[in-house]
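> Next one to model:
(2 chains)
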Amino acid sequence: MMTFRKLFLVGFVLLLTIVAGCGDKTSADGGQVFTAASAKNTDSKINVQLLKLLVEDRTDHEIDIVEDLPASPQIFAGFERDEFDFASLFSGEVYNNYFDDVEYSTDPDKTLKQAQKFFGEEYDIKWYDPLGYVNNYSIAAKRKFLQKNDVNTLTELGEYADSLTLGTDNAWIERDNDGYKGFKKTYGYEFDDARGMDVALMYEGIDTGELDVVTVYTVDPQLKEYDLKVLEDTKNFFPPYEASLVAANDVIDEYGEINDILQSLVDVVSTEEMTNLIYQVDIEKREVMEVAKEFLQEKGMLD
Amino acid sequence: MTLFQEYITYWSEDYTSILSYMYEHIIIALTVITLSVLFTVPLAIFMTKMKNELVKTIIFNIANVFQTIPTIALLAIVIPLLGIGFVPAVVALFLYSLLPLLRNTYAGMNSVDSEIIEAAKGMGYGTVQRLFKIELPVALPYVMSGIRVSSVYIISWTTLAALIGAGGLGDLILAGIGYNDTFMIFTGTFIAIIIAILLDVILGKVEKVIAYS
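All right, here's what the predicted structure looks like:
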């Protein structure tokens, strides 16, 4: 009986410690511990890592990273509950069913301005200018197939659409403006079959020949790995996706040094550089932290 | 506009796609349930008759292993072998459903009091007669509850079929997560729950019909 009570007490104390640990934390150097959020895509993980490395190098603060969130709605929910202080997000998300009065546009600057204004007001965050690279959504197919039939654009692909199966993430089929519905309207054709699935498994599907066309991000290293080619978006259908770092207003108001670091990360990564970084992580299986550190050292931003 | 009215509008605009997700879901789940009941129940009955403990342990462990493979890994393994869509989804879910069904049926059959079996032997019942006249009717409530529990699991697991392009309500839920649409998430979840409850009720009725016949 005694042992049971002891066990119970130990368990209770442990539980209390864990719960207490969830409150405000202090870093080893006496600064704050912040939280940065990233979705599943590798470029977002690299972006928050860049921020973490610089903040921990130049200030006393620390940043914990929460990775692999399913999509942007979960990140915004985290900002709303004050769980996240920073995140990496795309301008094109502003068209993702958040706001009724946003005006759909494929112009990068207008999209960015709208993202900064709408998300900034709604979630009390600062949406910095983009990191520099563009990661558009687009449609790709096997290079061999495209060369054989001499197809280079999405318009030309229409001729073969009846016999093609499209693989995409589960949300794209349901999205209005910039999803499959809008695509059908803009290009005037639809594929024989369109299937939603997990993005990682989608690439398996096109590799085994189960799928003929897939929706991709233009910086995906799998394009290179599976020899896929992005089709030219002749009708300018896909919205621009420029990645920005985002911060909760109350954090950067109080910690100006962090605001400076966030500003210094504007326009530092070109599309080519980002493709290369992602390739190192996804295909060469290197750690995000190492890759990000090397990049900052090359740029002379970190010793 | 109230939330309720908005939700009604959502249904009236999207009901064709909602119903097709629901249809896909039911077809996948029922196929899996049928196949796994047809395979597992006879296997479990056969296993209760087996004297060799080692073979039993091996079978249970195989079923155990399938249950413990992370879903996303199992789906990734299934794709190169069977492609994407309906067939690989059914195969993956079938492998997952083996363990709960096997365990429950086996435990149900084992719960039959050995004295009853001895009495039946004494009355001159043969093995087959004993199985159908005594053991199965006595074990029926346990076996059925195993089938019911597993069926509810399978309805819920079938949402994973959306990850390999087989559609179903998981498609609606994942689309809602990515597209920031709580109506979609709610509808997908709600319909899955309703299907699971209805199926449980139907199987309960089936059990009664069998028991009284």
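> Tell me the secondary structure at the closest residue to chain B within the stretch 51-200 of chain A.
Of the residues in the stretch 51-200 of chain A, the one nearest chain B is A:Ala171, at a distance of 2.8 Å by Cβ to the nearest Cβ. From N, CA and C alone the C-beta is placed, and that goes for glycine too. Reducing the assignment at A:Ala171 to three states with DSSP: H, G, I helix; E, B strand; the rest coil gives coil.
> didn't it look like it was pressed against A:Tyr180?
No - distance between A:Ala171 and A:Tyr180: 10.0 Å, which falls outside the contact criterion (Cβ atoms under 8 Å).
> which of the two has more neighbours?
A:Ala171 (24 against 20; other Cβ atoms under 10 Å in any protein chain shown).
> List the contacts of that one.
Contact partners of A:Ala171, counting by Cβ atoms under 8 Å, 6 or more residues apart in numbering or on different chains, are A:Ala71, A:Gly179, A:Gly196, B:Leu174, B:Ala175, B:Gly176, B:Ile177, B:Gly178, B:Tyr179.
> same for the host helix or strand of A:Lys293, what does it pack against?
Assigned by DSSP states H and E, A:Lys293 belongs to helix A:288-298. Based on contacts counted as 3 or more Cβ pairs under 8 Å, 6 or more residues apart in numbering or on different chains; DSSP states H and E, the elements that helix A:288-298 packs against are helix A:42-58, helix A:271-282.
> Run a quick neighbour tally on residue 9.
Just so you know, I chose chain A. A:Leu9: 10 neighbours (other Cβ under 10 Å).
> not what I meant, chain B
B:Thr9: 12 surrounding residues under other Cβ under 10 Å.
> center of chain B - which residue?
B:Ser151 (3.2 Å; Cα atoms, centre = their mean).
> ok, it touching B:Leu203?
Yes - in terms of Cβ under 8 Å, B:Ser151 counts as a neighbour of B:Leu203; the distance is 6.4 Å.
> Toward the C-terminus, what is the element adjacent to the worst-scoring helix or strand of chain A on mean pLDDT?
Considering only helices and strands, the least confidently modelled element of chain A by mean pLDDT, DSSP states H and E is helix A:2-21, at a mean of 71. Proceeding C-terminally, helix A:2-21 gives way to strand A:33-39 as the next helix or strand, assigned by DSSP H and E.
> For chain A, what is the nearest residue in chain B?
Residue nearest to chain A within chain B (Cβ to the nearest Cβ): B:Gly178, separated by 2.8 Å.
> Next, the contact list for that residue, please.
Going by Cβ under 8 Å, 6+ apart, B:Gly178 touches A:Pro70, A:Ala71, A:Pro73, A:Asp169, A:Asn170, A:Ala171, A:Trp172.
> List of residues touching stretch A:263-273?
The set of residues that contact stretch A:263-273 without belonging to it, under Cβ under 8 Å, 6+ apart, is A:47, A:50-51, A:54, A:128-135, A:218-219, A:245, A:277, A:295, A:299, A:301.
> Out of those residues, which end up buried?
Applying 16 or more other Cβ atoms under 10 Å in any protein chain shown to those, the neighbour count classes A:47, A:50-51, A:54, A:128, A:130-135, A:218-219, A:245, A:277, A:295, A:301 as buried.
> Going along the chain, name the strands of the stretch 151-300 of chain A.
A:165-168, A:193-196, A:213-217, A:228-230, A:243-248 (DSSP state E, counting those that start in this stretch).
> Mind putting those strands into a markdown table with mean pLDDT and distance to chain B?
Listed next are the strands of the stretch 151-300 of chain A as a markdown table, based on pLDDT from 0 to 100; distance: least, Cβ to the nearest Cβ, whole Å:
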| stretch | mean pLDDT | distance to chain B |
| --- | --- | --- |
| strand A:165-168 | 94 | 6 |
| strand A:193-196 | 92 | 4 |
| strand A:213-217 | 92 | 11 |
| strand A:228-230 | 92 | 17 |
| strand A:243-248 | 94 | 16 |
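> May I see those organised as TSV, with distance to B:Thr187 added?
Conversion of the strands of the stretch 151-300 of chain A to TSV gives the following (distance: least, Cβ to Cβ, whole Å):
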stretch	distance to B:Thr187
strand A:165-168	20
strand A:193-196	16
strand A:213-217	24
strand A:228-230	34
strand A:243-248	30
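> which stretch among these comes nearest A:Lys285?
Relative to A:Lys285, the nearest member of these by Cβ to Cβ is strand A:213-217, separated by 19.3 Å.
> rewinding a little: quick one: the residue nearest to the centre of chain B is in a helix?
Yes - under the criterion used here (three-state DSSP), B:Ser151 sits inside a helix.
> Who are the contact partners of it?
Shown in contact with B:Ser151 (Cβ under 8 Å, 6+ apart): B:Ala29, B:Ile33, B:Ala196, B:Leu199, B:Asp200, B:Leu203.
> Now, those that are in helices?
Counting by DSSP state H, the part of those found in helices is B:Ala29, B:Ile33, B:Ala196, B:Leu199, B:Asp200, B:Leu203.
> got any ranges where the chain has weak pLDDT?
As the question left the chain open, I've gone with chain A. Counting by pLDDT under 70, the low-confidence segments of chain A come to A:1-2, A:17-25.
> other chain: chain B
Where chain B drops into low confidence, which here means pLDDT under 70, it does so at B:1.
> Please consider this matter closed, and thank you.
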